[in-house]
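> My questions are about this predicted structure, shown below with the sequence.
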Amino acid sequence: MRAEAISPRRGHDVIQLLIGGIASGCIYGLVALGFVLIYKATEGVNFAQGDMMMLGAFIALGCVNSGYLGLAFLPGVLLAAAVMGGIGYGIDRLVVRRIFGQPQFALVILTIALGFVLRFVAGTIWGYTPLVLETPYAGQAVRIGGVIIGVEDIITILVTAGLTLLLWLFFARTRIGLAAQAASQNQLAAYIVGIPVRRVNSLIWGLSGAVATVAGVLYASKGAIDPNIGLLGIKAFAAAVIGGFGSLPGALLGGILIGVVEPLAARYLPGGFSQMSPYILMLIVLVTRPAGLFSQIQAKKV
Amino acid sequence: MSLLEVEDLAVHFGGVKAVDGVSFSVREGSVFSIIGPNGAGKSTIFNLISRIYRPTRGSIRFDGRDITRLAAHEVARLGIARTFQNIELFDHSTVLDNLLMGRHVHRRSNFIQDIFFTPKVRREEHIHRTRVEEVITFLELEAYRDKMIAGLPYGVRKVVEIGRALALGPRLILLDEPASGLSVEESREVAFWIEDMRRDMGLTVLMVEHDMSLVAQVSDHVLAVAEGRMLAQGSAAGVQADPDVRAAYLGTEAA
């Protein structure tokens, strides 16, 4: 009899855990999308992706919070995404393009250094004490059939779904999106069909800056931010690896997988496993499916 | 009237003079072939015309316009298409998508129109698809339309690359060794296509080729180069009989 009374509540518990997990997974997924965007277009990995998310969150805070610009929430966030898009474009145009054609690790070192610079810039402007982004939906929750869900979780999931659809449309249908896909497959061929490869690369960096900002705002709506939140990028990197690194939906699903596994591990496994779980998951995927769970690229036959 | 005029073209890589003072002009509607031993600088001339390399000296004029300083992606818009010796295709896409990518410079729709697939985009898309289907029919690629490039045999990929160049709707097409690695029948087909490109499509063809029987069959004009310099120009038979040209070929074979 007691078991019957408890089981529905326990069911609710798990659902709540899952929804929270999916919501944080969406944020990992969006940062992972940023990794994949740049990797797909330029075959380079941007290790400053997490820090771009952090900077995006701070710029949004600067646009929205009453102590700063004090804009309305939505216009403020859109402005921040546009500014961060410009910063992403500029980073490629002024810094990354200089090492065009250099070995891969040059870009790795460059972007790691870039991450430090972004952290320092944010720390200098906004300080190192945690700040809270003023969102119109802070602390609100809805109750659906006995399950209590935070509004920020619902918004995170919806925004992520919408943004993913938009990115998919961008790559599948638009002239620039198709050009970016073509350039990622063969730069020489892209040039001779008339694609300005370098400009397309810069646009993709801009796009990934804007996506990082959305991720940053969603992250900030769940808690305080400081210049070190960009370290989340490491987890997002794991998500991108799990997804196969070349696939947009793979990155998103990799993120959600990590987001869900973390709270479940915290709940059902001994302490410490929760923090390790994203990387354990990544190792398992790397060992069993080295090309990632959602990889489309088959091994080249020689 | 000449469509392409190359004057005193030179490019040096460090101390190596890959191309050194090459001049020629290609008459509109003709087939112009460049021959020469390996390493003569033939492909380098192509890479200079399609702006992948920056010349050290000299000028390139297309249809009266100086294109020497254009960016690599800008020449396609003027109507210059090309193929590569080592086949440069979008390997993880289908034949159809590769050919459609050749239409890139003709796309006029913007971002928002693209996303909502407006009637204007639909009309445009229809035109592109029609053009591409014409190319597919011309090159007899129907059987491969939806196949991935990565899995296709060499000969077919070679033809797809010609198709992508044709899909662009160019005035000048640069073919870099179109017959290399092809069987006798396949290269005979290439000869027919080149004839058709000139006669039916009104294209001007600039070609680099080793297969002398193909060169002799289709060319109006032949230029022989060796070690980056011009050896002889004229009809195929005349150039082949030229003592300098014979020496260049025999010389490299002896060495």
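Sure, I can see it. Numbers count the residues shown, from 1 in each chain, chains lettered A, B, ... in the order given.
> and whatever residue of the stretch 1-150 of chain A ends up closest to chain B, what does it touch?
When you check the stretch 1-150 of chain A against chain B by C-beta to the nearest C-beta, the closest residue turns out to be residue A:40, at 11.0 Å. (Glycine included, C-beta is placed from N, CA and C.) Shown here is residue A:40, whose contacts under the criterion C-beta atoms under 8 Å, 6 or more residues apart in numbering or on different chains are A:180-181, A:184, A:204, A:246, A:248.
> How about residue A:120?
With contacts defined as C-beta under 8 Å, 6+ apart, residue A:120 is in contact with residue A:227.
> Next one: it relative to residue B:167, how far apart?
Note on residue A:120: its distance to residue B:167, by C-beta to C-beta, to the nearest Å, is 50 Å.
> Find the helix or strand that the spatially closest residue to residue A:153 that is not a sequence neighbour is a member of.
Closest residue to residue A:153 apart from its sequence neighbours, by C-beta to C-beta, 6 or more residues apart in numbering or on different chains: residue A:23 at 3.8 Å. Per DSSP states H and E, residue A:23 falls inside helix A:2-42.
> Tally up the residues packed near residue B:111, please.
Residue B:111 is flanked by 13 other residues according to other C-beta atoms under 10 Å in any protein chain shown.
> just checking, it touches residue A:169?
No - between residue B:111 and residue A:169 there is no contact, the gap being 10.0 Å when judged by C-beta atoms under 8 Å.
> nearest spatial neighbour of residue B:245, skipping sequence neighbours?
Once its chain neighbours are removed from consideration, residue B:245 has its nearest residue in residue B:224; the separation is 4.6 Å (C-beta to C-beta, 6+ apart).
> Give the burial count for that neighbour, as a bare number.
Tallying neighbours of residue B:224 according to other C-beta under 10 Å, which is how burial is gauged here, yields 25.
> List the contacts of it.
Taking C-beta under 8 Å, 6+ apart as the definition of contact, the neighbours of residue B:224 are B:34-36, B:230-233, B:239, B:242, B:244-245, B:248.
> Report the secondary structure state of residue B:231.
The local conformation at residue B:231, judged by DSSP: H, G, I helix; E, B strand; the rest coil, is strand.
> er, residue B:20 I mean
Following three-state DSSP, the label given to residue B:20 is strand.
> tell me the phi and psi of the closest residue to it other than its chain neighbours?
The spatial neighbour of residue B:20 that comes closest, neighbours along the chain excluded (C-beta to C-beta, 6+ apart), is residue B:228 at 4.2 Å. Backbone torsions for residue B:228, taken as degrees, to the nearest 10, come to phi 80, psi 0.
> interface residues of the stretch 101-250 of chain B facing chain A?
Proximity of the stretch 101-250 of chain B to chain A, by C-beta under 8 Å from any C-beta of the partner chain, involves residues B:101-102, B:104-105, B:107, B:109-111, B:114-115, B:117, B:150-151, B:164, B:168.
> try 10 Å this time
Among all residues of the stretch 101-250 of chain B, those adjacent to chain A (criterion: C-beta under 10 Å from any C-beta of the partner chain) are B:101-117, B:121, B:125, B:148-151, B:161, B:164-165, B:167-168, B:174.
> out of those residues, which are inside helices?
Using DSSP state H, B:101, B:111-116, B:121, B:125, B:161, B:164-165, B:167 are the members of these that sit in helices.
> Show me what residue of chain B gets nearest to chain A.
Checked against chain A (C-beta to the nearest C-beta), the nearest residue in chain B is residue B:76, 3.3 Å away.
> Leaving out sequence neighbours, find the closest residue to that residue.
Spatial nearest neighbour of residue B:76, excluding adjacent residues (C-beta to C-beta, 6+ apart): residue A:194 at 3.3 Å.
> ok, how many other residues are close to that neighbour?
Neighbour number of residue A:194 under other C-beta under 10 Å is 24.
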